[in-house]
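Q: please work out how this folds:
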Amino acid sequence: MALKLRPLSYSLGAEVCAIDVSRKMSEHDFGDVYRAFLEHGILLFRDQHITREQHIEFSRRFGELDKHDALPRDRHPDHPEILMVTNEPKLNGAPSDSKYTGRQWHSDMSFTLVPSSGSLLRCITAPPVGGDTMFANMYMAYDALSAGMKKLIAGLHGIHMSGTRKIANSTTGIPRAEEQKRINPPVAQPVVRMHPETGRKALYIGDKVKSFDGMTEEESRPLIEYLVQHATRPEFVYRHQWQANDILVWDNRCTMHCALGDFDETQLRHMERTTVLGTPSGYVVKAA
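A: Here you go, the predicted model:
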């Protein structure tokens, strides 16, 4: 059966129509899906009524899954391959550790030595309005830079930090942030990465980058801010409006994303993510 795709935006993304991911898929048919994943950067599968086990099984078609040792507070206690992204309070009434997960521009697991190649986020419950996620095409962002800027950033390495969040007047993430500093030391990643499968260059930047290796934060900040703002120009961005039972698959090697807090936080927003391990990249920075 020929794969039926519907474009999601000008910049990136396609909806895969009429496929039930819970059913066995031949190598040939999955090959078509994977080629679409590489071409479009994001794939959307709607109306997927699946179990956690089926979510994990489908995700493994894309590669080896992360057990999320770098994010122990957020993984499911019985399924370490699943990362919880939810504002549902804990049983003791305390706020969820993952309440504000993803609310800055980033690429998943960039602060580790094995950054993610892909993520598969499943929407269990979406608020009636808002709670969207925005994605940026980092191929397009790199290609649109001037020759001079490409030359300037060619050898730079950005220092990626875990446990950093831009949530005003919130103390819910302080214990988590302190734990993240202990578990995940700063990791330097190249600002320009070549995609190992497509051979295309993409920007690898985001709000988790605090400075460039060999430069101070004060020296680095103007260029980091410019690159993030450049990469998130409207013509490079797709905004996804979640529906229950959506599965969104994205390529972290050529996209970055940001979860929006544009919803009533008394409403439940519950997502579950699997993370596909990528190729080793970067190095630990002793002092940042």
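Q: so how many other residues sit close to Pro185?
A: 16 (other C-beta atoms under 10 Å). Just so you know, the C-beta spots here come from the backbone N, C-alpha and C atoms, and that holds for glycine as well.
Q: which one is it nearest to, not counting chain neighbours?
A: Spatial nearest neighbour of Pro185, excluding adjacent residues (C-beta to C-beta, 6 or more residues apart in numbering): Val284 at 5.2 Å.
Q: who's in contact with that neighbour?
A: Leu113, Pro185, Pro186, Val187, Ala188 (C-beta atoms under 8 Å, 6 or more residues apart in numbering).
Q: and the gap between it and Gly214?
A: From Val284 across to Gly214, the span is 15 Å (C-beta to C-beta, to the nearest Å).
Q: then Gly63?
A: Taking C-beta to C-beta as the measure, Gly63 falls 33 Å from Gly214.
Q: flag the shaky bits of this structure, pLDDT-wise.
A: Along the chain, segments meeting pLDDT under 70 span 1, 164-180, 287-288.
Q: can you rerun that using 50?
A: Filtered on pLDDT under 50, the chain yields the residue ranges 167-169, 288.
Q: can you give me the helices for it?
A: Using DSSP state H, the helices of the chain run over residues 27-40, 52-59, 138-143, 147-153, 174-183, 217-231.
Q: what packs against the third one?
A: Judged by 3 or more C-beta pairs under 8 Å, 6 or more residues apart in numbering; DSSP states H and E, helix 138-143 is in contact with strand 201-203, helix 217-231.
Q: please enumerate the strands of the stretch 51-200 of the chain.
A: Taking DSSP state E, counting those that start in this stretch as the test, the strands found in the stretch 51-200 of the chain are 83-86, 116-125, 133-137, 157-160, 187-190, 192-194.
Q: just the buried residues of the shortest one, please?
A: Buried positions in strand 192-194, judged by neighbour count with 16 or more other C-beta atoms under 10 Å: Val192, Arg193.
Q: and the contacts of Val284 as TSV, adding distance to Lys210?
A: Converted to TSV, the contacts of Val284 look like this (distance: C-beta to C-beta, whole Å):
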residue	distance to Lys210
Leu113	17
Pro185	13
Pro186	8
Val187	11
Ala188	11
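Q: show the buried residues in those residues.
A: Applying 16+ other C-beta under 10 Å to those, the neighbour count classes Pro185, Pro186, Val187, Ala188 as buried.
Q: tabulate the residues you listed (a markdown table), appending distance to Gln48.
A: Shown next, in a markdown table, are these (distance: C-beta to C-beta, whole Å):
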| residue | distance to Gln48 |
| --- | --- |
| Pro185 | 37 |
| Pro186 | 37 |
| Val187 | 33 |
| Ala188 | 37 |
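Q: between these, which is nearest Gln54?
A: Val187 (32.6 Å; C-beta to C-beta).
Q: contacting residues around the closest residue to the closest one other than its chain neighbours?
A: Take Val187 and drop its neighbours on the chain: the residue closest to it by C-beta to C-beta, 6+ apart is Gly282, 4.7 Å away. By C-beta under 8 Å, 6+ apart, the contact list for Gly282 reads Leu113, Pro115, His157, His160, Val187, Ala188, Gln189, Pro190.
Q: so which pair among the buried ones among the contacts of Val284 is furthest apart in space?
A: Across the buried ones among the contacts of Val284, the two members that end up farthest from each other (C-beta to C-beta) are Pro185 and Ala188, 10.5 Å apart.
Q: quick one: common contacting residues for those two?
A: Val284, Val285.
Q: returning to that earlier point: so what's the residue nearest to Pro185 bridging to?
A: Taking DSSP bridges as the rule, Val284 bridges to Val187.
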